[in-house]
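In: Curious how this folds, go ahead:
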Amino acid sequence: MKITSLTCQQCGGQLELTEEKGLAICSVCETKSVVKDEVVQHVRNVTHHTTKIVHGYDRIDSEDYARNGDTFMELGEWAKARDAYQDAIDDNPSDWRGWVGMLRIYTGDFTDFSGSTYEKYNKKLAKWNEDEEYQHYMELFEAGLKEHEEERQEMLEGFEGELAFVYWNGDGDDYFYPAKIANVKKNGTATANFLDGEVNTVTLDEIVSVEDAFRNYALLCNWKNKGDYGYCSIVNRNPLTVKYHCDGGVEKINISQLCCERR
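Out: Below is the predicted model of the structure:
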């Protein structure tokens, strides 16, 4: 962005930013103009750096690091942005900008909440609540998180009454076993009725659709229900038939004989 000043469309005079968000006023004719957020932020960044140069403050501080991080984010250079935000935190842990920057990094700029790393940065931000720019970022974060949670709830509700593979570590393993999903609740939990009779409360992260399991997970089959599991591949859906990797044997099975694990 090359803008370094704002010009009035009525008289050509210079616009000055006001305290009101997204609004500027002409210093000559006093005409008010609406200004995009990114333009406002850019002008403030330029003003900040110019002021430091004029007054001889050439030391890079936490705000500079954070602004550099913002620039790298705009350029799509996420690794450099992350390093800049971390420098901001290291320079001044009391400056919220570095923490917000890392929150942006680990949520894909408030669009991807699938991981959990962002949570530790969000916890650090609880004490700030006065700064208008901070509030703006927090509104974006909360809106993105709400949308994410609503999408997850909708996906979980889609499993109601369906057969799926569900994570179970009751035997100390990390396998997913077939179960019927029921009683989906608004708190993001559901009941998994395993085909072997076990019942457990689960979340969306512990559920894999049958189609996803067949396509993307390593399948194991309980050979003739004797307790000996072997890796296999699906060779027919109806009737359900598997081929064992160990010896090439083929067997018609019931889905209750299958389990799967992440590749």
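
In: going forward, measure contacts between C-alpha atoms and count neighbours the same way
Out: Will do.

In: how about D64, what does it touch?
Out: With contact taken as CA atoms under 8 Å, 6 or more residues apart in numbering, D64 is in contact with A88.

In: Give me the helices and strands touching the helix or strand where T201 lies, please.
Out: According to DSSP states H and E, T201 maps onto strand 199-203. Under the contact definition 3 or more CA pairs under 8 Å, 6 or more residues apart in numbering; DSSP states H and E, strand 199-203 sits against strand 189-194.

In: Name the residues that touch the strand it packs on?
Out: 156, 166, 177-184, 199-204.

In: So how do I select the buried members of those residues in ChimeraX?
Out: Typed into ChimeraX, the next command selects the buried ones out of the contacts of strand 189-194 (criterion: 16 or more other CA atoms under 10 Å):
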select :156,166,177,178,179,180,181,182,184,202,203,204
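
In: Closest one of the contacts of strand 189-194 to G227?
Out: Closest approach to G227 among those (CA to CA): Y177, at 13.8 Å.

In: From the contact counts, what lies against the strand or helix carrying that closest one?
Out: For Y177, the element it lies in under DSSP H and E is strand 175-182. Helices and strands touching strand 175-182, by 3+ CA pairs under 8 Å, 6+ apart, are strand 163-168, strand 189-194, strand 258-262.

In: Tell me which of the ones you listed sits most buried.
Out: Compared across the helices and strands packed on strand 175-182, strand 163-168 shows the largest average neighbour count, a mean of 24 (mean count of other CA atoms under 10 Å).

In: just checking, what packs against that strand?
Out: Where contact means 3+ CA pairs under 8 Å, 6+ apart, strand 163-168 is packed against strand 175-182, strand 207-209, helix 210-216.

In: Just give the strands next to it in its sheet, each with its orientation.
Out: With DSSP bridges as the criterion, the sheet partners recorded for strand 163-168 are strand 175-182 (antiparallel), strand 207-209 (antiparallel).

In: Leaving out sequence neighbours, find the closest residue to V242.
Out: Leaving aside its sequence neighbours, V242 sits nearest to I234 (CA to CA, 6 or more residues apart in numbering; 4.5 Å).

In: okay but that neighbour is in contact with G249, surely?
Out: No - I234 is beyond contact range of G249, at 11.9 Å (criterion: CA atoms under 8 Å).

In: Can you check which residues contact both of the two?
Out: Common neighbours of I234 and G249 (CA under 8 Å, 6+ apart) are K243.

In: Of the helices and strands packed on strand 163-168, which is nearest L75?
Out: Nearest of the helices and strands packed on strand 163-168 to L75, taken as CA to CA: helix 210-216 at 33.8 Å.

In: Would you pull up how far that closest one lies from the middle of the chain?
Out: Counting by CA atoms, centre = their mean, to the nearest Å, helix 210-216 is centred 23 Å from the centre of its parent chain.

In: and it, what does it pack onto?
Out: strand 163-168.

In: the domain parsing of this protein - what is it?
Out: 1-58, 62-155, 163-262 (automatic domain parsing).

In: For V242, give me the backbone phi and psi.
Out: As for V242, its main-chain torsions (degrees, to the nearest 10) stand at phi -120, psi 160.

In: can you give me the strands in the stretch 1-150 of the chain?
Out: Using DSSP state E, counting those that start in this stretch, the strands of the stretch 1-150 of the chain run over 15-17, 23-26, 32-34.
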